[in-house]
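Novice: Got a predicted structure here, sequence first:
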Amino acid sequence: MSATAAPTDVRRHILEVAHPLLLRKGFTAVGLTEVLAAARVPKGSFYHYFGSKEAFGEAVLEAYFADYLARMDALLAEPGTAAQRLLGYFRDWLDSQTGDEAQSRCLVVKLGAEVCDLSESMRAALERGTRGVTERLARCIEAGREDGSLPAAPDAQAASVSLYQSWLGASLLAKIARDRAPLDTAMAGTRQLLGLAQDA
């Protein structure tokens, strides 16, 4: 990392380097020394960017959700009906959890249970981020009711929470089993909940 880089760039760089480490090892097992060595940032400068490891963890989650929600917004803005956009989002989720690219794996699945018991600020960051996901899903489901592509969809808010819970659980089970079958089941359940034919 360049010594002349702006503080915000250095901070962002540390967060980007930390992401794959946390996906691989979890929050507790990753030491600050390891993160700073990987980022090529002097050890003494960590507290210039983050007040504590907990604040660093919260910042990692906020950065993750900022990127994730921006990608979600892009997917849900694709051409087509709301139903097509929603299924496109879930296909992207399935592909990201079954591909070889570890960077795309779900940080919520990896860190959720671990950090909620360790840190209230990290738990709150996870709650804010996941609320952002379900709000977007609910808006898309409501749009589908309006454009006629999801006429049989249940209450948008309840459906969005149910879908997100289903996909988080499926992602965890797929990780445990090293098998995509739970994600395929989540996709079938998604179509059923939304009143879509299995081959739509």
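Specialist: Good, I have the coordinates.
Novice: hey, let's count contacts and neighbours off CA atoms from now on
Specialist: Fine.
Novice: Tell me where the model's unsure across this structure.
Specialist: Applying pLDDT under 70 to the chain flags the ranges 1-7, 99-104, 199-200.
Novice: what are the ranges of the strands in it?
Specialist: Counting by DSSP state E, the chain has no strands at all.
Novice: Now do the spatially closest residue to Asp73 that is not a sequence neighbour: how many residues are near it, please.
Specialist: Spatial nearest neighbour of Asp73, excluding adjacent residues (Cα to Cα, 6 or more residues apart in numbering): Arg136 at 7.8 Å. The tally of other residues near Arg136 (other Cα atoms under 10 Å) stands at 19.
Novice: measure Arg136 to Asp184 for me?
Specialist: Note on Arg136: its distance to Asp184, by Cα to Cα, to the nearest Å, is 22 Å.
Novice: Would you list the phi and psi of the residue nearest to Arg145 when sequence neighbours are not counted?
Specialist: When the adjacent residues along the chain are set aside, Arg145 lies closest to Pro151, with 4.9 Å between them (Cα to Cα, 6+ apart). Per-residue torsions, Pro151: phi -70, psi -30 (degrees, to the nearest 10).
Novice: One more: the one 4 residues further on?
Specialist: Here is the backbone geometry of Asp155 (degrees, to the nearest 10): phi -50, psi 130.
Novice: Give me the distance between it and Ala143.
Specialist: With distances taken as Cα to Cα, Asp155 is found 12 Å from Ala143.
Novice: And those two? Which one has more around it.
Specialist: Remark: of Asp155 and Ala143, Ala143 carries more neighbours, 17 against 12, as counted by other Cα under 10 Å.
Novice: ok, the residue most central in space within the chain - contacts?
Specialist: Geometric centre of the chain, nearest residue: Cys106, 4.9 Å, by Cα atoms, centre = their mean. Residues in contact with Cys106 (Cα atoms under 8 Å, 6 or more residues apart in numbering) are Leu23, Gln97, Ser171.
Novice: can you redo those as TSV with neighbour count and distance to Ser52?
Specialist: Formatted as TSV, those follow (neighbours: other Cα atoms under 10 Å; distance: Cα to Cα, whole Å):
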residue	neighbour count	distance to Ser52
Leu23	20	20
Gln97	21	31
Ser171	28	30
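Novice: quick check: longest helix of this structure.
Specialist: Across the chain, the longest stretch assigned as helix under DSSP state H is helix 120-147.
Novice: tell me what that one is packed against?
Specialist: Helices and strands touching helix 120-147, as assessed by 3 or more Cα pairs under 8 Å, 6 or more residues apart in numbering; DSSP states H and E, comprise helix 53-75, helix 82-98, helix 107-116, helix 156-177.
Novice: give me that answer again for 6 Å
Specialist: Contact partners of helix 120-147 among helices and strands, from 3 or more Cα pairs under 6 Å, 6 or more residues apart in numbering; DSSP states H and E: helix 82-98, helix 156-177.
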